[in-house]
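Participant: here is my input, please return the structure:
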Amino acid sequence: MYVPAHFATTDHSLLENGGLADLITATAEGIVATPVPFVYDAATHSLRSHLARNNDQWKRPVLGEALAIVRGPDAYVSPTWYATKAEHGRTVPTWNYVVLHVYGTLVVHDDPAWLADQVRQLTGKHEPEWVVEDAPARFIEGQLRAIVGVELRITRIEAKQKLSQNRSEADIAGVVANIDEPVAAAMRALG
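Facilitator: Next comes the predicted model:
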């Protein structure tokens, strides 16, 4: 990923927040991508997820590293929000965003205990009113047989926060005043 110095960050908090990532693998048959929900395991420095057993991405040998793209808030930036538009008009539209490119070794888990733990962690992170044990045990066992666990053991992370850091204070203020709140909050957090 192209990361100019003014957009580079060491903030990897998107991992702790969990959510959806695009799992991308290069295989002999070509590139394969699947959106997957994940949880970050700090103890093993890995992303844990699962794929449908019928999704053959987990069966295809990976050439090199696998990649998970984890996205944070993002939004369109109108050039009309910049104070400098009135000064000289040399402005163009752009996009502000936060993203992590997480690289690593992909490990497949077909162990029911590993899968049950991963599903409980994922559910616990996102579901305040339901636990796996709320469903009949035989039903859950069937659901677990329909998935395969995947773990991305992280080897490196490229992080980028493109949040108007290359703009003047007046331009930044104009963007913060007009952009979607999650992106505005990320911009304010930069100080």
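
Participant: what's around residue 63, how many residues?
Facilitator: 11 (other C-beta atoms under 10 Å). Placement of C-beta: from N, CA and C, glycine included.

Participant: now do residue 189
Facilitator: Neighbours around residue 189, by other C-beta under 10 Å: 12.

Participant: same check, this time on residue 27
Facilitator: Residue 27: 14 neighbours (other C-beta under 10 Å).

Participant: buried residues in stretch 181-190?
Facilitator: Neighbour-count burial for stretch 181-190, with 16 or more other C-beta atoms under 10 Å as criterion, is recorded at 183-184, 186-187.

Participant: wait, what's in contact with residue 150?
Facilitator: Neighbouring residues of residue 150 by C-beta atoms under 8 Å, 6 or more residues apart in numbering: 23, 36, 48-51, 58, 106-109.

Participant: now those residues as JSON lines including neighbour count, distance to residue 152 and pLDDT?
Facilitator: Below are those laid out as JSON lines (neighbours: other C-beta atoms under 10 Å; distance: C-beta to C-beta, whole Å; pLDDT from 0 to 100):
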{"residue": "23", "neighbour count": "25", "distance to residue 152": "7", "pLDDT": "98"}
{"residue": "36", "neighbour count": "21", "distance to residue 152": "10", "pLDDT": "98"}
{"residue": "48", "neighbour count": "25", "distance to residue 152": "8", "pLDDT": "97"}
{"residue": "49", "neighbour count": "25", "distance to residue 152": "8", "pLDDT": "97"}
{"residue": "50", "neighbour count": "23", "distance to residue 152": "12", "pLDDT": "97"}
{"residue": "51", "neighbour count": "18", "distance to residue 152": "12", "pLDDT": "98"}
{"residue": "58", "neighbour count": "22", "distance to residue 152": "12", "pLDDT": "97"}
{"residue": "106", "neighbour count": "19", "distance to residue 152": "6", "pLDDT": "98"}
{"residue": "107", "neighbour count": "13", "distance to residue 152": "8", "pLDDT": "98"}
{"residue": "108", "neighbour count": "14", "distance to residue 152": "11", "pLDDT": "98"}
{"residue": "109", "neighbour count": "19", "distance to residue 152": "12", "pLDDT": "97"}
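
Participant: can you give me the end-to-end span of stretch 58-68?
Facilitator: Using C-alpha to C-alpha, to the nearest Å, one end of stretch 58-68 lies 14 Å from the other.

Participant: could you pull out the strands in the protein for me?
Facilitator: Assigned by DSSP state E, the strands in the chain fall at 19-27, 30-41, 46-52, 66-77, 94-109, 147-162.

Participant: who does the second one touch, helix- and strand-wise?
Facilitator: Contacts defined by 3 or more C-beta pairs under 8 Å, 6 or more residues apart in numbering; DSSP states H and E place strand 30-41 against strand 19-27, strand 46-52, strand 66-77, helix 112-126.
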